[in-house]
Each structure stands twice: as structure tokens, then as C-alpha cells.
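A.B. asks: give the three-dimensional model of this entry:
(chains A and B)
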Amino acid sequence: MIHISAQIAALVRTAIEAAQGAGDLPAFAVPDPIPVTRPKNEEHGDYATPVAMQLARLAKMAPPQIAEVITNHFPASELIGSVELAGGFINVRLSEDWLRAQVDVILAEGEQAAQSETHSGKRAQVECVSANPTGPIHLGRIRGGVIGDALARLLRAQGYTVEMEYYYNNGGKQMENLAASIRARYLQQLGHAAEFPEAGYQGDYIAEIASSLIEARGDSLVDSADLEPFRAYGEQVISGWQKASLARINIEHDTFFNEDTLYEQAVWDVLAMLEQRNLTYKAVQPRREDSDQAPPPDADKGEAVCMRMMDLRDTVQDVIIVRSDGTPTYRLPDFAYHVDKFERGFDLMLNVLGADHIEEAKDVKATMGALGYDQERLQHVIHQFLKVVQGGEVIRGSTRSGEYLALDDLLDMLLEHTTESFAVDVVRYFTLAHNPNTHMTIDVDAATQQTNENPVFYIQNAHVRCAGIAREAADRGLDHSAGDVALLTDPQELRLIRKLVELPEIIQLAADELEPHRLAYWAQEDLAATFHPVYDEVRAIHTEVPEALTKARLKLYAAAQVVLRRVLDLMGMSAPERM
RNA sequence: GCCCCUGUAGCUCAAUGGAUAGAGCAACCGCCUCCUAAGCGGUAGGUUGAAGGUUCGACUCCUUCCUGGGGCACCA
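C.D. replies: Okay, here's the model as predicted:
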């Protein structure tokens, strides 16, 4: 399959250049890219370009006149049915013969439909989830996971070889905090007085871990002043939960990068690199622009190592990278981790992060640039938080407070109304169908009640209908492979084909913009919404439909099934044969 | 206080600076004698938070306000 609007843009460019060569247009730099849109109104053709209006100033001519000149020089192409003038717009209609031929093209491509080689030979890495192993995966976290996973699939469709990576934050103070929380519950359950840490993890799962630890080790740890056994046990249990939850919604990471491997050497190497570039200094307090508003420095603490972030990017404060006690803050291992990533040679590194990490993302990117790496290879997708409402109340998604909704809990609630597979598809689709930038709200009650009326059914049912008709045809001994696409002349049939051939550009748009919701919307509002009315009206198997036409139509629906399956797969959703 | 994100139909959300701002849910009216009605057709619902500005053209870009979320820790 080809990327149609890119082809049309190229034809328009050729036309403009030819017009310039012939002296019909003055010399000027042809804009890049040339805008090509898909008009909402069918009367405006399949594709349109407003380029003539853009050129009015450059060419010092009226838009309709420019449009006419471009149209006159429009090169011949098997793609093009007609080129029409509409004021300043140039409207392009695709050739119906070419469209019909695409049915065979789609079937030939099969599972690889719309696979692009634009980036083949390149390696990409998608880092997502990367939750601390301090609690079960909660709903808020899952957003980044689903986005990351879908982006990985989209990048593969663009030719990249993609690795999914999980930055495993098993170092740092939060893990100590977890260990102390587990120990407190452990001691309490064994009848010892133990004070729960002030900032400890409040969730019930801590008690659960403590009691399973008692089962495993008895009271042998009562006198342990060392937190390590509690940390190690907690990490092991929780990471097991997390992986199981992620696997449940089809998210699987290829690599887990352990943060604690960085503390021995890598962080100090990065520190040395920063020092070498004169980006660090020692102070009791980092510089800040509005120093008059700064809190007074803590007299008890000594000098920390600060980094001149203000010199690297637009920010109002430097950052501390090594505490006064000599331990690194999380920034330093973060830098070290990214140095490691760059050294692994990826052409594209994608970090999917929650909005609370935006400053960190900027710091990392700026620092990598300062260390001589190509910043463009590192891209961040920042998603806003999910607001969870249940029983009319907002659930604050904090692991520490214990007030959060675990992914597994939501899936289990959905299971009361539907199957595991469909519950997973609902969660994935719902998450994917929103722009990462939107502050989305999920009403758990509505989501679990309305499982019978949602877009997931609508899209999947299109696939089910295709599968159903193929079964019916097989039962009747009808084989579409002999179908002649030349018989597909009905406007409804062509309407469906026009939609199917949009797939490559939708994939590219979603991948380039790092916005998987574009694919999700297209699947529903365009693909499925075009399919159903056509399927309803254009019957393949019917006493009044001649057998040759039946075979051609079966072929069309087979092609539709290929596209539907491909789209569902790119979203990590199932493509059921029956419902 | 400063920085980032956001505000679009009753609700949840779309709309590479392009032609009449679109879906789903909720509401209302119709449609199953041949491939599954989890479908189709139709009705209703909007000053795109507000005010200016740029542009041939603004939901989209700029300025100033306002709502909501996040960030400005020697936590991650």
C-alpha cells in the first residue's frame, strides 16, 4: 500500500515546478511540505490542496489563477482520476480503477498491510511504565504503558526494530521506605511493638507481603536491623505482581534495566564528565533566579554538588546531583542511564513519562546534549494524569497513601460484565483513544456498566462481520480468490475502498506525531463507521447477486478484514472471529 | 509567585492553520422473510473559557486574564 497524500504532494510539487519551468509561474521556493488534506465533504474530492492560497503572495497572483496553472501542469499518474478547481482549492479524485486494484494489493500484503520501510535498518527503544517496585500497578501508571506499547507497534510498522525497556527503579530512598514499611507490618503481625514509618506505604498490600514473608521466613527476621531482606523480598513480590498485571494487558518488556547497577560506577563517571565540562559546583544551596524567594539554607547540612542547569536550558533553578552526605540524587543515575542508552546505539529513544516528570525529561535531554550526544535521538512523550472517579468521588492515585485503583481491580470489575479478553481491549482502547496531553477522566462505574455499548464493540464487530461472511462463504463453497475487482463499481464499495487505502498515512501520522490516539479514532470514526453502513447495504451473498459479483464482494470484505485486523493489532487489541 | 499541560454538545473526548467544528455515551423517532440488529437510517444538542491580535482563512498561532491538573525538595 502506498502513502497517498505524500504521493499527491509530490505530484503537486512536480506541477508547480513544471509551471515555473514553462514560465507560467514566477520563480520562488516551493513550500515544503506541500499541504494535502482529506476534505470532510465528499464533494470536495478525495484529497485537496490549498497550496494555491499559500502561494498567492509568493507568486503575486490570485489563488484561483495559480490553482488553474498548477492543474494545467498536473502530471499524469495512475493514481489520479480527476483534478478539479474549486476557488483557491485544488481537489483531487482518485482513479476508480486504481482504487479497485488496491483490494488485491491489500490481500497480497496480508498481515504486513501498510508496512513501511521508511525507517528500516534503524533501531528504536521505547521506555515506558518504569514504575518503582513499591506497589501494584495502578490505573494511572497504565496510561504510559499502553501508549508506549502502541507506539512501539507503530514504530515497527514504520520499519524500526523496536525494544521495549523498563527502567527498574530498585535503588534510592523509596525502596528503603518500602522496606521499613514491610518491616513494621512484619513486626506488628508477630506481636511486636513497631512504629510505622511516617512516610510509609499505607496500602493493604504491605501487610499482605509481611504475612507471606512470615510464611516464608517465620520470625527469623525479628531482630534484623538490616532492611535489606525486607527490601529484597518486597521487590521480588511486587515486581512479580507488576509483570503479571502488565502481561494481562499485553504489555511485555524486552529488557529491564536495574537502576542499582548504576550506583557503583556509572554515576561517578557521569559526574566526572559533568565536572570536566565545568557544569558542577559545590554549594549549600543551588543557584536560583528568584533568589529572594529562596528558603534559607539548612545550616545543618554541608555542601552538596550542584549542576548548572540554568546554563543548559531555560529554567529558574540549578539542581542538586549529589547530596551533602555524598549520595547521588535520582538525577545522576538518570543521566548515567541515558548515557548508557545512547551508547547502546539506538537511532531513536522514546521515553513515555507522566506529567510529573516533565522537568526531569528536560534536564536529561539538555544534559545529554551538553555531553555531546544528539538530543534529537531522544524524544519524550509526556502524558497527563488520569483522573479516576468512583462512586462520584475522585480517587487520588497515590501508591504511598494507599488510595489508588489497581489495574487488576478494574479488570476484575469489568470481568463481572464481560470476558477477560474484552476487558483488556476496553482498557487498552479507552486509554489509547485519548490524546496523551488530555487530562482524562475515567468514571469506573460508568466504564464497568457500559461495557455493552462502546466503541470497542463497534470496531471489533466489523471484524467479526468480515469473519462471519467468510465462514458463510466457505460453507457455501464460495472462494473469493477468483473474484474480479473490476466488478466493484458500486459507489458504496468504492467508499469502503477509499477508506481502506488511508491506512498507511494514518499509521505514519500516528507514529510521526507520537500520537497513537489518531489511530484509535480513525479505527472507529472512519474505518468502522464506513464499514458498517456499506456492509449493511452491499450484500455479498444474496439470491439477487450474481456469483461473479458475490466473489468480488467477498474479496472486498476480505480486504476490509485485513485492514481491521492490522489496526486492532497495532492497538494491541484482539480481533475476534465471533462475538 | 514562576514554569508546563488543559478548557470544544448534558457526559467522555476528536479535529497536519483550510471549505458546513465531529464521534461515542445519554435523549427522542423509525428499520430484522437470505452474510449476526453488539448493526442501519433520522431528530435534537455549540458564542470552541473570556477579551484582544496575526492571517486570504484561527478550535489550532501571539498577548492578557480566568478555571482545573502537574511541577518548582539534599523523595523518585
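A.B. asks: what's the domain layout of chain A?
C.D. replies: A:4-94, A:173-248, A:455-570 (automatic domain parsing).
A.B. asks: for the shortest one, how far is the first residue from the last?
C.D. replies: With Cα to Cα, to the nearest Å applied, domain A:173-248 spans 29 Å between its terminal residues.
A.B. asks: can you name the next helix or strand after the lowest-mean-pLDDT helix or strand in chain A?
C.D. replies: Least confident helix or strand of chain A, by mean pLDDT, DSSP states H and E, is strand A:393-395 with a mean of 82. Downstream of strand A:393-395, the first helix or strand assigned by DSSP states H and E is helix A:407-415.
A.B. asks: what does the next helix or strand after that following helix contact?
C.D. replies: Past helix A:407-415, further along toward the C-terminus, the next helix or strand under DSSP H and E is helix A:420-432. With contact meaning Cβ atoms under 8 Å, 6 or more residues apart in numbering, helix A:420-432 is reached by A:142-143, A:146-147, A:150, A:248-250, A:407, A:410-411, A:414-415, A:418, A:442, A:447, A:451, A:454-456, A:459-460, A:516-517, A:519-520, A:571-574, A:576. To be clear about C-beta, it is placed using only N, CA and C from the backbone, and glycine gets the same treatment.
A.B. asks: picking up where we left off before, just the domains of chain A: most buried one?
C.D. replies: The highest average neighbour count among these, using mean count of other Cβ atoms under 10 Å, belongs to domain A:455-570 at a mean of 19.
A.B. asks: mean confidence (pLDDT) on that domain, please.
C.D. replies: Mean pLDDT, computed over domain A:455-570, is 95.
A.B. asks: now that domain, how far from the centre of its chain.
C.D. replies: Its chain's average C-alpha position is 25 Å from that of domain A:455-570, according to Cα atoms, centre = their mean, to the nearest Å.
A.B. asks: cool, and stretch A:335-349?
C.D. replies: In this view, stretch A:335-349 has its centroid 20 Å away from the chain centroid, taken as Cα atoms, centre = their mean.
A.B. asks: show me which residues of it are buried.
C.D. replies: The neighbour-count criterion (16 or more other Cβ atoms under 10 Å) identifies A:Phe335, A:Ala336, A:Tyr337, A:His338, A:Val339, A:Lys341, A:Phe342, A:Phe346, A:Leu348, A:Met349 as the buried residues of stretch A:335-349.
A.B. asks: ok, then the element right after whichever helix or strand the fourth one is part of?
C.D. replies: In other words, A:His338. For A:His338, the element it lies in under DSSP H and E is helix A:331-343. Using DSSP H and E, the helix or strand that directly follows helix A:331-343 along the chain is strand A:348-354.
A.B. asks: quick one on the thing from earlier: now tabulate the domains of chain A in JSON lines and tack on distance to A:Asp356.
C.D. replies: Compiled in JSON lines, the domains of chain A are given as follows (distance: least, Cβ to Cβ, whole Å):
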{"stretch": "domain A:4-94", "distance to A:Asp356": "35"}
{"stretch": "domain A:173-248", "distance to A:Asp356": "14"}
{"stretch": "domain A:455-570", "distance to A:Asp356": "19"}
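A.B. asks: redo those as CSV? Include distance to RNA strand B.
C.D. replies: Below are the domains of chain A laid out as CSV (distance: least, Cβ to the nearest atom of the strand, whole Å):
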stretch, distance to RNA strand B
domain A:4-94, 3
domain A:173-248, 4
domain A:455-570, 3
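A.B. asks: tell me the backbone dihedrals of the closest residue to A:Asp46 other than its chain neighbours, please.
C.D. replies: Distances taken as Cβ to Cβ, 6 or more residues apart in numbering place A:Leu94 nearest to A:Asp46, at 4.8 Å, with adjacent residues excluded. According to degrees, to the nearest 10, the main-chain angles of A:Leu94 amount to phi -80, psi 150.
A.B. asks: relative to A:Pro33, how far out is A:Leu94?
C.D. replies: Using Cβ to Cβ, to the nearest Å, one gets 20 Å for the distance from A:Leu94 to A:Pro33.
A.B. asks: list the contacts of stretch A:405-419.
C.D. replies: A:136-139, A:141-142, A:245, A:248-249, A:388, A:390, A:395, A:397, A:420, A:422-424, A:426-427, A:444, A:447-449, A:451-452.
A.B. asks: so which elements touch the helix holding A:His338?
C.D. replies: helix A:266-276, strand A:319-322, strand A:348-354, helix A:358-370, strand A:378-383 (3 or more Cβ pairs under 8 Å, 6 or more residues apart in numbering; DSSP states H and E).
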